[in-house]
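> fold the following for me, if possible:
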Amino acid sequence: MELYIREKYLKKIRGFYHDADIIKVITGVRRCGKSSLMEMIADEISKESRHGACIVYLNLDERKYNKIKTADQLEKLIEEKISKEAFNYLFIDEVQNVDGFEEVINGFREDKNCSIFITGSNSYLLSGELATKLTGRYIEFEMYPLTFEEYEEMKLFYGKKVNANPAEELQSFILEGGFPRAVLIDSIADKRSYTESVVKEIFEKDIRKRVKIRNKESFETIRQYLINNFGSSTSINNLYNDLRNSGQNISRQTLSRYIKALVDAKVLYECNRFDMKSRKSISGEKKYYISDLSFFFALNTDNRINFGPVLENIVYFYARSLGNSISIGRIGKLECDFILRNSSMDYSYIQVAYTIALSPETEDREYRPLEQIEDNYPKYVMTTDYLLQKRNGIKHVNLMNFMTSKQEF
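The predicted model follows:
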């Protein structure tokens, strides 16, 4: 089947296609499309027809390779596949299946005859481990499930029906989520079943195999609390006290370890606070966003949508997919939903709301924090409104139009 091209990721990686001294590591939550992205890269390199190039693609989850478990076995397999005369492009999917893969990969990197691309389950491919075992000679490309504009494009690409009303299409995206395989499934019930299987796979393979969870009840309580309250201010101290008061005997260290396991598996993303006046990070409360909204609906029976955190979640991952770093802004007693910093070290500021058309008070609530920011970087109020307001140079944009037209901040 022809693949829908994830161009926003390919363009970040293209500049490194032919570099033998840097290992390209693709990370992201399970089933977000990492394997397909590697296939796209291999296909592009093949079509480029670099004279004499040898492309080797190993999916270690495939039946013919699933007995490759040791470093020696992996090294022997690669030696059999690569060319001694030509330049090689080595793609290894699910590399974490092999104990000690880091030394093998690093060895072929040092031979300088391979451009190497790897991907695998995130709890086995953490940046700290790679930095130590691959001696820092790698670059990480983080991938996410489909953003709203990719969701629409992929549906069109595979001939699926797209709602003419953008608001209805946004609602479908919220309920169905952005796992690429789910787009190919027609029934909403079947989509939900697929998502539930992905959620189960992540917790079984990416968390429980790596983290010793002695108190399963506490872990599930923490997981459910953070997923149910995504986009809300969360204090670890308050969560710890709530757990203790409910009779669950858990240490702060264990609580932090369980949260880290969810973050390492790319289920949750932390968003820290930043004080606009002191220009320093604020410790304590932070927000967590879920890598795909389907996590929430797969783990809850309530389909009602709280548009505030949901729209924040959508904007957060759209901004991250463009390569922005993100924090929450504090301006005195006011809060700016997001401060973005791009690769050029330029900032932008964002408020997200379902609508500001209900009352002047609603409008003021969204504009006031941005009006307190004294620099001249771009400021946005992002809503689902089609009648757009103009006020003090702040850009009021319809978030669906903003994303589908692939605008950057």
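
> pick out the residue closest to the middle of the chain.
Residue closest to the average C-alpha location in the chain (Cα atoms, centre = their mean): Tyr144, at 3.5 Å.

> my guess is that one is in a helix, correct?
No. Checked against DSSP: H, G, I helix; E, B strand; the rest coil, Tyr144 lies outside a helix; its state is coil.

> okay, now Phe101: neighbour count?
By the criterion of other Cβ atoms under 10 Å, Phe101 has 24 neighbours. Bear in mind the C-beta positions are built from the backbone N, C-alpha and C, glycine included.

> quick one, what contacts it?
Ala71, Leu74, Ile92, Val95, Ile118 (Cβ atoms under 8 Å, 6 or more residues apart in numbering).

> before we move on, back to that, just checking, the residue nearest to the centre of the chain touches Cys32?
Yes. Look at Tyr144 against Cys32 with Cβ atoms under 8 Å: they come within range, at 6.0 Å.

> between the two, which contacts overlap?
Common neighbours of Tyr144 and Cys32, using Cβ under 8 Å, 6+ apart, are Gly178, Ser291.

> tell me where the stretch 201-350 of the chain has strands.
Per DSSP state E, counting those that start in this stretch, the stretch 201-350 of the chain carries strands over the ranges 233-234, 268-275, 280-290, 325-331, 334-341, 347-352.

> so which elements touch the fifth one?
Yep, that's strand 334-341 we're talking about. Packing partners of strand 334-341 (3 or more Cβ pairs under 8 Å, 6 or more residues apart in numbering; DSSP states H and E): helix 307-321, strand 325-331, strand 347-352, helix 360-371.

> do the shortest one as well
Using 3+ Cβ pairs under 8 Å, 6+ apart, the elements in contact with strand 233-234 are strand 280-290.

> buried sites along stretch 336-352?
Cys336, Asp337, Phe338, Ile339, Leu340, Arg341, Tyr347, Ser348, Tyr349, Ile350, Gln351, Val352 (16 or more other Cβ atoms under 10 Å).

> show me the contact partners of it.
With Cβ under 8 Å, 6+ apart as the test, stretch 336-352 has contacts from 271, 274, 276, 308, 311-312, 315-316, 319, 322-330, 366-367, 369-370, 373, 375, 377-383, 399, 408-409.

> over to stretch 269-278?
Contacts of stretch 269-278 (Cβ under 8 Å, 6+ apart): 263, 280-282, 284-291, 316, 320, 326-332, 336, 338-339, 372-373.

> buried set for it?
Tyr269, Cys271, Arg273, Phe274, Met276.

> just put the residues you listed in JSON lines and tack on pLDDT and distance to Lys205.
Below are the buried residues of stretch 269-278 laid out as JSON lines (pLDDT from 0 to 100; distance: Cβ to Cβ, whole Å):
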{"residue": "Tyr269", "pLDDT": "96", "distance to Lys205": "20"}
{"residue": "Cys271", "pLDDT": "95", "distance to Lys205": "26"}
{"residue": "Arg273", "pLDDT": "87", "distance to Lys205": "33"}
{"residue": "Phe274", "pLDDT": "81", "distance to Lys205": "35"}
{"residue": "Met276", "pLDDT": "74", "distance to Lys205": "41"}
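
> about what we covered before: just the buried residues of the contacts of stretch 336-352.
Applying a neighbour-count criterion of 16+ other Cβ under 10 Å, the buried members of those are 271, 274, 276, 311-312, 315-316, 319, 322, 324, 326-330, 366-367, 369-370, 373, 379-383, 399, 409.

> how is this structure divided into domains?
7-142, 148-270 (automatic domain parsing).

> any weak-confidence spans in the stretch 51-200 of the chain?
Residues of the stretch 51-200 of the chain that meet the criterion pLDDT under 70 lie in 51, 122-131.

> just the C-alpha atoms of stretch 94-101, please, in CSV.
Taking C-alpha atoms only, stretch 94-101 is exported to CSV below (Å, rounded to 0.1, in the frame of the first residue of the first chain):
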residue,chain,number,x,y,z
GLU,A,94,12.7,-2.3,16.7
VAL,A,95,16.4,-2.3,17.5
GLN,A,96,15.7,-2.6,21.2
ASN,A,97,15.0,-6.3,20.7
VAL,A,98,18.7,-6.9,20.8
ASP,A,99,20.7,-6.7,24.0
GLY,A,100,23.8,-4.6,23.6
PHE,A,101,22.7,-3.1,20.3
